[in-house]
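**Student:** Kindly generate the corresponding structure for this input.
(one chain, ligands or ions: 2)
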Amino acid sequence: MNQFVARSSALRGLLVNEARRHYVSPAQSSASVLMRLVEVPPAGTAKAEQIKRFNAASFGGSGWSRMMSTSSSSSSSALAEKENGEKEKPAEAESKSGGGAESTVPVVSSYWGIARPKIVREDGTEWPWNCFMPWETYRSDTSIDLSKHHLPTTFLDKVAYRTVKILRIPTDIFFQRRYGCRAMMLETVAAVPGMVGGMLLHLRSLRKFQPSGGWIKALLEEAENERMHLMTMVELVQPKWYERALVLAVQGVFFNAYFLLYMISPKLGHRVVGYLEEEAIHSYTEYLKDIKEGKIENVPAPAIAIDYWRLPKDATLEDVIVVIRADEAHHRDVNHFASDIHYQGKELREAPAPVGYH
Ligand SMILES: [Fe+2]
Ligand SMILES: [Fe+2]
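**Tutor:** Ligands and ions are numbered 1, 2, ... in the order given. As a prediction, the model looks like this:
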């Protein structure tokens with residue numbers, strides 16, 4: 001018993017210290033965060049009583065422990081949060097349109113669980129998503145210049161540009177003007193390079209005992225942002241079985257091809273992605289054109305998109321495409337910049353990464 005309590009105490013100490021060290025960052029956060037350690041022993045047992053006494057001593061008598069608490073007034077949709085109350089309750093598995101939790105069945109932990117606190121919006125309604133949190137949402141900068149184009153002057157740039165133009169041919173033939181379907185399929189590919197680049201930089205940082213200059217985070221942010229594009233598009237277009245099969249095949253080929261390319265020449269890899277993003281801007285502009293001309297119905301925006309991009313409640317598909325296109329323009333800038341750094345004979349870590357560039 002004493003051993004259990006001692007171990008529990010040591011782990012708690014570690015967790016509290018880690019949380020304090022890493023998460024208290026008032027400038028970055030846009031919402032308060034609560035974490036709760038859930039003890040498993042049945043109520044009334046000696047072990048449960050011992051843990052209760054431990055909690056009382058450590059956290060002022062509350063079963064809840066406010067390990068992290070930051071706030072910012074900059075977020076206009078600053079989201080409040082509520083404690084769940086005394087009774088243990090797993091994270092709510094509410095999913096209004098497919099983007100929330102996967103299951104309503106509570107997970108039983110073998111020794112302890114970490115329950116997510118109930119999070120609510122400013123208006124008091126419950127935060128329905130588990131796949132992203134309020135402090136990860138943002139308002140897209142749609143004033144970004146969409147017409148920027150990196151002129152391919154060097155041999156490698158021309159290879160990158162031609163490669164992307166060639167890749168567009170089968171895409172145009174297969175999808176033609178079915179832009180919803182096209183966007184959904186292309187987002188499954190677009191979310192790969194950031195993850196591959198971020199992963200390889202992460203491994204490099206470990207191998208060389210060097211910081212990354214923020215580039216790991218910037219590239220992983222890009223991958224996550226692209227994945228959210230996909231989560232949004234899939235609310236609008238349901239993939240057919242042969243499209244799912246195509247995604248499998250394309251992902252298998254593209255992941256490995258980009259992995260190899262990034263290991264051999266990150267300069268070329270980022271340039272290819274920069275041009276892919278330019279093409280994405282073009283595709284979304286055509287998509288918008290079809291919406292404005294009434295060829296594609298301007299349906300209400302999916303709930304996941306309204307929360308992720310902090311759109312008004314009456315936002316439409318057109319609003320969603322506008323913010324996604326702005327995201328693509330930001331990815332274009334990030335990747336052309338990354339390639340430029342390599343062109344100047346430097347490593348990415350030598351130039352501060354545009355973290356949080358939306
Ligand atoms: Fe995208
Ligand atoms: Fe993109």
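
**Student:** who's in contact with the residue of the stretch 51-200 of the chain found nearest ligand 1?
**Tutor:** As assessed by CB to the ion, ligand 1 sits closest to Ala190 within the stretch 51-200 of the chain, at 4.5 Å. (Glycine included, C-beta is placed from N, CA and C.) When contacts are counted by CB atoms under 8 Å, 6 or more residues apart in numbering, Ala190 is found next to Glu226, His229, Leu276, Ala280, His331.

**Student:** Which of the helices or strands spans the last one?
**Tutor:** Here His331 sits within helix 317-343, counting by DSSP states H and E.

**Student:** Then the second one?
**Tutor:** Secondary structure from DSSP H and E places His229 in helix 215-236.

**Student:** Let me know the next secondary structure element after that helix.
**Tutor:** Next along from helix 215-236, by DSSP H and E: helix 241-264.

**Student:** Give the burial count for Pro302, as a bare number.
**Tutor:** The local packing of Pro302 (other CB atoms under 10 Å) involves 22 other residues.

**Student:** repeat for Thr125
**Tutor:** So Thr125, with other CB under 10 Å, has 8 neighbours.

**Student:** same deal with Ala280?
**Tutor:** Ala280, neighbours per other CB under 10 Å, totals 24.

**Student:** just to confirm, which helix or strand has Gly113 in it?
**Tutor:** strand 112-115.

**Student:** and that strand, C-alpha only, in CSV?
**Tutor:** This file holds the C-alpha atoms of strand 112-115, laid out as CSV (Å, rounded to 0.1, in the frame of the first residue of the first chain):
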residue,chain,number,x,y,z
TRP,A,112,-5.7,5.6,-13.9
GLY,A,113,-7.5,7.6,-16.5
ILE,A,114,-7.2,11.1,-17.7
ALA,A,115,-10.7,12.6,-18.1
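
**Student:** Parallel or antiparallel, which strands does that strand pair with?
**Tutor:** Under the criterion DSSP bridges, strand 112-115 sits next to strand 36-39 (antiparallel) in its sheet.

**Student:** ok so Gly269 is a helix residue?
**Tutor:** Yes - per DSSP: H, G, I helix; E, B strand; the rest coil, Gly269 lies within a helix segment.

**Student:** Pretty sure Ser205 sits against Pro211.
**Tutor:** Yes - assessed by CB atoms under 8 Å, Ser205 is found in contact with Pro211 at 6.7 Å.

**Student:** If you count surrounding residues, which of the two has more?
**Tutor:** Higher neighbour count among Ser205 and Pro211: Ser205, with 16 against 10, using other CB under 10 Å.

**Student:** Contacts only, for the closest residue to that one other than its chain neighbours.
**Tutor:** Once flanking residues are discounted, Ser205 sits nearest to Ser212: 4.9 Å by CB to CB, 6 or more residues apart in numbering. Taking CB under 8 Å, 6+ apart, we find Ser212 in contact with Leu201, His202, Arg204, Ser205, Leu348, Arg349, Ala353.

**Student:** Please report phi then psi for Ser212.
**Tutor:** phi -100, psi 0 (degrees, to the nearest 10).

**Student:** got a list of contacts for stretch 256-268?
**Tutor:** Stretch 256-268 is contacted by residues 156, 159-160, 192-193, 196-197, 200, 269, 272, 338-339, 342-343, 348 when judged by CB under 8 Å, 6+ apart.

**Student:** again, only using 7 Å
**Tutor:** Identification of contacts with stretch 256-268 by CB atoms under 7 Å, 6 or more residues apart in numbering yields Leu156, Val159, Ala160, Val192, Pro193, Val196, Gly197, Leu200, Gly269, Ser339, His342, Tyr343.

**Student:** residue in this structure nearest to ligand 2?
**Tutor:** Closest residue of the chain to ligand 2, CB to the ion: His331 (3.6 Å).

**Student:** if I read this right, that residue contacts Glu277, doesn't it?
**Tutor:** Yes - His331 lies in contact with Glu277 (CB atoms under 7 Å); the separation is 4.6 Å.

**Student:** List the residues that contact the closest residue to Glu278 other than its chain neighbours.
**Tutor:** Excluding the flanking residues, the one nearest Glu278 by CB to CB, 6+ apart is Arg332, at 5.6 Å. Residues near Arg332 by CB under 7 Å, 6+ apart: Gly274, Glu277, Glu278, Ile281.

**Student:** Next up, identify which helix or strand Asn130 is on.
**Tutor:** Using DSSP H and E, no helix or strand contains Asn130.

**Student:** Any idea which helix or strand in the protein has the lowest mean pLDDT?
**Tutor:** In the chain, the helix or strand scored least confidently by mean pLDDT, DSSP states H and E is strand 36-39, which has a mean of 35.

**Student:** one step back: measure the residue nearest to Ser205 to ligand 1 for me?
**Tutor:** 23 Å (CB to the ion, to the nearest Å).

**Student:** quick one on the thing from earlier: can you name the helix or strand that the residue of the stretch 51-200 of the chain closest to ligand 1 falls in?
**Tutor:** With DSSP H and E as the test, Ala190 turns up in helix 179-208.
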